[in-house]
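J.: What follows is a predicted protein model with its sequence.
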Amino acid sequence: MANYNYSLLERLIWTRGIPSSFWVVNHQAVRDIVQKYNLRAMTAEELGQGLAAPLEESTASEQQMSLKPWPWPFPGGLKIAHVHYGGQLFLLNQEQWAEFSGRVISDLQAKLDNAQVVTFDSMLDVSEAVDTLSIQAPLQKK
């Protein structure tokens, strides 16, 4: 299901800023990446003005998306690699995102490996989520 259309309810949830449980469930991985790279939290001014300076080590698509975030606050609107921690937002470069997302995927894989039975609705949700994945080659170290 490559072109998943969010339902009206899902869109309302994101526009109202209900926090995603993703950040709570993965709080340890988020904390670890923020601390490992000593990441700097973005300020409201930087986010509201659209990050005038290009992001270090970011892709062209990340730079393009970083120039036009939704107005503050913009829950679900920042379409570049980032994490939320301690009520703040931290941007990640490609290498940091690969490390973070790899850890999250490993954790999800372990949960799926240990699952014996899931509900019908859960199976549909997991199936739809997996169907939307795009698999990228791992980053090459310089």
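T.: Nice, I can see it.
J.: Please, where are all the helices along this structure?
T.: Taking DSSP state H to define them, one finds helices in the chain at 8-15, 21-25, 27-36, 44-49, 60-66, 94-114, 120-131.
J.: residues of the third one that come out buried?
T.: I take that to be helix 27-36. Within helix 27-36, the residues scored as buried using 16 or more other CB atoms under 10 Å are 29, 30, 33, 34. (C-beta placed from N, C-alpha, C; glycine too.)
J.: Could you pull up the residues touching the second one?
T.: With contact taken as CB atoms under 8 Å, 6 or more residues apart in numbering, residue 30 is in contact with 23, 83, 84, 85, 100.
J.: Do you know the pLDDT at the fourth one?
T.: For residue 85, the pLDDT comes out at 90.
J.: Now do the contacts for the residue lying closest to residue 42 once chain neighbours are set aside.
T.: Spatial nearest neighbour of residue 42, excluding adjacent residues (CB to CB, 6 or more residues apart in numbering): residue 89 at 4.9 Å. Going by CB under 8 Å, 6+ apart, residue 89 touches 41, 42, 47, 78, 82, 83.
J.: number of nearby residues for the last one?
T.: Summarising burial for residue 83: neighbours were counted as other CB atoms under 10 Å, giving 22.
J.: and what of the fifth one?
T.: Residue 82 sits with 15 neighbouring residues when counted by other CB under 10 Å.
J.: Low-confidence stretches in the protein?
T.: In the predicted model, the chain carries pLDDT under 70 at residues 1-19, 48-77, 134-142.
J.: Now residue 97: closest residue in space that isn't a chain neighbour?
T.: Residue 97 sits nearest to residue 81 (CB to CB, 6+ apart), 3.8 Å away.
J.: beta partners for the residue nearest to residue 42?
T.: Taking DSSP bridges as the rule, residue 89 bridges to residue 84.
J.: Distance-wise, check it relative to residue 81.
T.: Noted for residue 89: a distance of 11 Å to residue 81, by CB to CB, to the nearest Å.
J.: Excluding chain neighbours, what is closest to residue 31?
T.: Nearest to residue 31 is residue 85, by CB to CB, 6+ apart, at 6.1 Å.
J.: That's all I had, so thanks and see you.
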